[in-house]
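Participant: Sequence first, predicted model second:
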Amino acid sequence: MLPKAKLWLSLLAGALLFWSAGLQAAWEVNMPQGVTQISRDTYDLHMTIVWWCVAIGVVVYGGILWSIIFYRKSRGAQPARFHESVKLEILWTLIPFVILILMAVPATRLLSQAYDTSESELDIQITGYQWRWEYSYIPTSADEEEVSFFSVMSTPRDSISNQMEKGENYLLEVDRPLVIPTDTKVRFLMTSQDVLHSWWVPELSIKKDTIPGFINETWVVVDEPGVYRGQCAELCGVDHGFMPIEVHALEPAEYEEWYAEQQETARMEAELADAELTMDEAMETGESVYGTNCVTCHQVDGSGNPPSFPALADSEVVVGDADGVTATIVHGVDGTAMAAYGRQLNMVDLASVVTYIRNAFGNNSGDIVQPADVNEIMQEGQ
Amino acid sequence: MSEHDDTGSPNARLVKRLLLGVGGMFAFGFALVPLYDVICDVTGLNGKGRTQDQYVLTEGLAPEVDEQREITMQFTVHGELVDDWKFRPSERAMVIRPGEMKRISYTVTNPYDHAVTTQAIPSVAPNVASGYLNKIECFCFEEQVLEPGQTVEMPLQFFVDPELPERVSKLTLAYRLYDISENKPAVASNR
Amino acid sequence: MSAAAHAIDHHHGPARGISRWLFTTNHKDIGTLYLWFSLAMFFLGGTFAMVIRAELFQPGLQFVDPNFFNQMTTMHGLVMVFGAVMPAFVGLANWMIPLMIGAPDMALPRMNNWSFWILPFAFLLMVSTLFMDGGGPNFGWTFYAPLSTTYAPDSVTFFIFAVHIMGASSIMGAINVIATILNMRAPGMTLMKMPLFVWTWLITAYLLLAVMPVLAGVVTMMLFDIHFGTSFFDAAGGGDPVLFQHLFWFFGHPEVYIMILPAFGIVSAIIPTFARKRLFGYDSMVYATASIAFLSFIVWAHHMFTVGMPLAGQLFFMYSTMLIAVPTGVKVFNWMSTMFKGSMTFETPMLFAIAFVVLFTLGGFTGIMLAIVPLDFQYHDSYFVVAHFHYVLVPGAIFSLMAAAYYWLPKWTGNMYDETLGKLHFWLSFIGVNVLFFPQHFLGLAGMPRRIPDYALQFADFNWISSVGGFLFGASQLVFLFVVIKCIRGGKKATDQVWEGAEGLEWTVPSPAPYHTFETPPDPKLIKAQ
């Protein structure tokens, strides 16, 4: 072979490779095949239907194109006089009907499978909140602690407002992902705290609405360990676009290890109320808690966005009575956008964030709020 | 400027009939609300379980216990009162046999210094099973009034109909407790 | 069109000045008002769409905050559905139905005036919410509870009131159409001789009467939940948020056909004209329209496959939805056969009509895909759905309206429009609409949810392409506005028949159509079988 031809061939192969790599990244045009039997079956059915549509499209569009080309007046076409045919009408009623039946049979089979939630080995309750997810692992025995945590988007607000580089998983990353074992039937029970949300992970082929007051269920068996990402699919208010889902599927043994760790942490959390924080610890933890939970409304510099979101900087309320501020954060303020963080954050985080806002943005109360103080307020109630 | 009278006979009759239809459809929209409840009750559409009427057991109608079958029954709670009000079931799960009468209880504490009224809303998964979960006695049948600081134990007595479809082996009964006191302030708006 | 004002050669013409329009009971004047109103709303809703596409041009937030973005998606939907598409069809009905059936006017002219004039107030009310404290509706045009009740901005009450007024307007319009068609037909105009546009509008009017009251009921329930402490949609009081969706879509799905059936009628008028051949299968077209209307009442829950219905329910709604493909297919095959062995020319109305058939069919394909429940779990609430319903509504309903405007403009104004500019408008729109919406299929399949102001980086490329298409499509509509104004102001004089192959009573009256037509019924010999 000529050297020149070889060069061209390798260039072509390179271009093809580059093109297909590009296809997978940014130019993805099709549904993912996913990592469960159901998701692969869904993909296959999707392709079957697409090809049926292409076939029908060829007939319809071909017919129209044929007429456009051959029956134009400029070619001297004379109009025919026929204008009805009962036989034809019956024909093109029956043929689509048969095609639809051919489509409906596999669809029915697949749907029945997707609905079979029986024999699950692990049950997880997913609760939608404005605008975060809560995952609760339902204990299988009485001596297990309930592992339950919130999963909040971890993409920095600065990268959304284009003041910072956007990372690879921009808007699709969370602080604490949902962890599930592979090769295990996991059943999800879904509900919502406030408005409708919808939990969607394309690679698991799961999309289910979470409805306040009611529970929905679905299930999954993941075949391959990996990280699978998704988003809320039902409009749920301002930050609907910013409540992603991240699922980590681990080998069963690794999962067991992780779960045992969570058990340990859950036990410790009960003891956290006794912890004693230093100013530095509190400020450091507080800043990160603030960055995840408060910054959207109250802003990085504590300037807020009055009147809806009051400023924290230079606020007499904030530097005033520590118990009052703590109570506000724990219970929220009814009738406003201020949510109750009492059960979303642990006591160390709550104590730290109170300390932080009382000593940041130019505020200087100088005192440290301890987890024990927070605990007291939580016990007192509203 | 029209020469056609709006009240002219054929038009007037037709308009009257059409308006009747419009009124009928408006009423039908509202009729769909109770109709929906009935459909839900029959089909378990929204998974509430049989909550409309207390299930009354009469002599001789006591179900036969199906000794051959075991069902795992889970009890979960959700909503904002779980932590604040310490709303808990006495057991998280139990293995039961269809037809077997069971009893568990839920506790809840009023954390305020004023009385509150609560209403529990049940939901059953899978929702096809909701029609087979019969509650004999349940705190969800009526509103509960809690005195300041009071802790109450609320009973639930139930059995699962032996007719429960074979493929259901696990049943989840989820409760959400709502504070429905009159003086409860409205929730935050969507900005 | 104001040109009608210059064309008075009858015994009594219109009043002068603003009072002509305020107090008019003339079907042509009211039709004109409806058409101008809907064109204005089309540009307003289009402006909202441009804001959306500008924000989505690149990842990150550039122009608007998420709350305003949500208001834009909501208002775009509401304005386009209730302000642009529906009033445009009512305008066409006002202008053309009396001309097509040989009636001197609509049956209830005074009510006709009312049904138009309450519309601008409804939209003024609705759009004014954007400037209220807390902003306008931000819960999507489907306004699912409880986001639209418990969690809604205060302005929701005004939104509810506006919906009530629009509903009243639509109901009055529909009653008028039915009364006109049933009571005012010229002697010899039997039901099965009516042009298909009249037939599709008759069926549409019945759909309107059946479902607009249900919508009114739904928003009334919302009002009660918000202000009077009821719990229709609040689980705490024994209600159910899912009930809202059932009620909404019981209205919403027939509403979809309200926006497309008259389009079928328009296309069924235009294709035979430019193919110079009678419409193929007139009878089956009528039956297909009626079947689609009937089926529209038993498919509503296919919009809510992910809310967790029992298996049997899912299957029922899947099968019934798939069935709609049959009568829709019959229509497409009939249009194909009308063109087959015709003698076609491709003036602007024909171009839009052919594009309608092609692109509406594409929207139909994605419709079948969406009907299949396990697949819908992936497509639902993603950009795939956005692409689907825009394909049936933009190159569907909107293209049919463009086709109708070009087709009947010479009859309305007495002048031919500028064919070159018309074709330019068509090709820009055709390219724009496909660049705009086709990539959205890919975005949805790859996992992009709808109604989000910002997106992950893998969606960036198709989004900017889509935005470019959007700007092109938006800008090319200015060409349309220019063509319309130019045509009103002058141009080649149109003949009475206007188009060589045009048949029907509307082409027997002079161009422009005089202020009063068919004051004496037309000669029955003029009425031919369709």
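Facilitator: Here it is on my side, so go on.

Participant: Point out where chain A drops to low pLDDT.
Facilitator: A:1-26, A:270-274, A:335, A:379-382 (pLDDT under 70).

Participant: Okay, B:Val15 and chain A: tell me how far apart.
Facilitator: According to C-beta to the nearest C-beta, to the nearest Å, B:Val15 and chain A sit 36 Å apart. C-beta here means a position set from N, CA and C on the backbone, and glycine is covered the same way.

Participant: can you check B:Glu70 too?
Facilitator: As judged by C-beta to the nearest C-beta, B:Glu70 and chain A stand 12 Å apart.

Participant: And that residue, how far from A:Val186?
Facilitator: Counting by C-beta to C-beta, to the nearest Å, the gap from B:Glu70 to A:Val186 is 21 Å.

Participant: any idea whether A:Trp219 is helix, strand or coil?
Facilitator: strand (DSSP: H, G, I helix; E, B strand; the rest coil).

Participant: Which strand residues bridge it?
Facilitator: For A:Trp219, the beta-bridge partners under DSSP bridges are A:Arg187.

Participant: so what's it up against?
Facilitator: A:116-117, A:120, A:185-188 (C-beta atoms under 8 Å, 6 or more residues apart in numbering or on different chains).

Participant: Contact partners for C:Val256?
Facilitator: So C:Val256 contacts C:296, C:389, C:392 (C-beta under 8 Å, 6+ apart).

Participant: tell me the pLDDT at the second one?
Facilitator: At C:Phe389 the predicted local confidence, pLDDT, stands at 95.

Participant: Then B:Val108?
Facilitator: 87.

Participant: Make sure C:Phe346 is indeed in a strand.
Facilitator: No: using three-state DSSP, the secondary structure at C:Phe346 is coil, not a strand.

Participant: which residue packs closest to it, ignoring adjacent ones?
Facilitator: Among residues not flanking C:Phe346 along the chain, C:Phe274 sits closest, at 7.2 Å (C-beta to C-beta, 6 or more residues apart in numbering or on different chains).

Participant: now do C:Met132
Facilitator: C:Ser155 (4.5 Å).

Participant: now that neighbour: how far from chain B?
Facilitator: Where chain B is concerned, C:Ser155 sits at a distance of 10 Å (C-beta to the nearest C-beta).

Participant: Can you name the residue of the stretch 401-530 of chain C nearest to chain A?
Facilitator: At 3.4 Å from chain A, C:Ile452 is the closest residue in the stretch 401-530 of chain C, using C-beta to the nearest C-beta.

Participant: wait, what's in contact with that residue?
Facilitator: By C-beta under 8 Å, 6+ apart, C:Ile452 lies in contact with A:231, A:240-241.

Participant: Now do the SS call for the nearest residue to C:Gly134 once chain neighbours are set aside.
Facilitator: Nearest residue to C:Gly134 in three dimensions, chain neighbours excluded: C:Pro153, at 3.9 Å (C-beta to C-beta, 6+ apart). Of the three states, C:Pro153 takes coil under three-state DSSP.

Participant: Equivalent analysis for C:Phe57, please.
Facilitator: Strictly by three-state DSSP, C:Phe57 counts as coil.

Participant: residues contacting it?
Facilitator: Contacts for C:Phe57 (C-beta under 8 Å, 6+ apart) come out as C:463-464, C:467.

Participant: give me that answer again for 6 Å
Facilitator: C:464, C:467 (C-beta atoms under 6 Å, 6 or more residues apart in numbering or on different chains).

Participant: Next, give phi and psi for it.
Facilitator: As for C:Phe57, its main-chain torsions (degrees, to the nearest 10) stand at phi -60, psi -40.

Participant: Any figure for the gap between it and C:Met72?
Facilitator: Here C:Phe57 is placed at a distance of 14 Å from C:Met72 (C-beta to C-beta).

Participant: can you check B:Pro98 too?
Facilitator: Noted for B:Pro98: a distance of 54 Å to C:Met72, by C-beta to C-beta.

Participant: re earlier: which SS class is the residue of the stretch 401-530 of chain C closest to chain A?
Facilitator: Going by three-state DSSP: C:Ile452 is coil.
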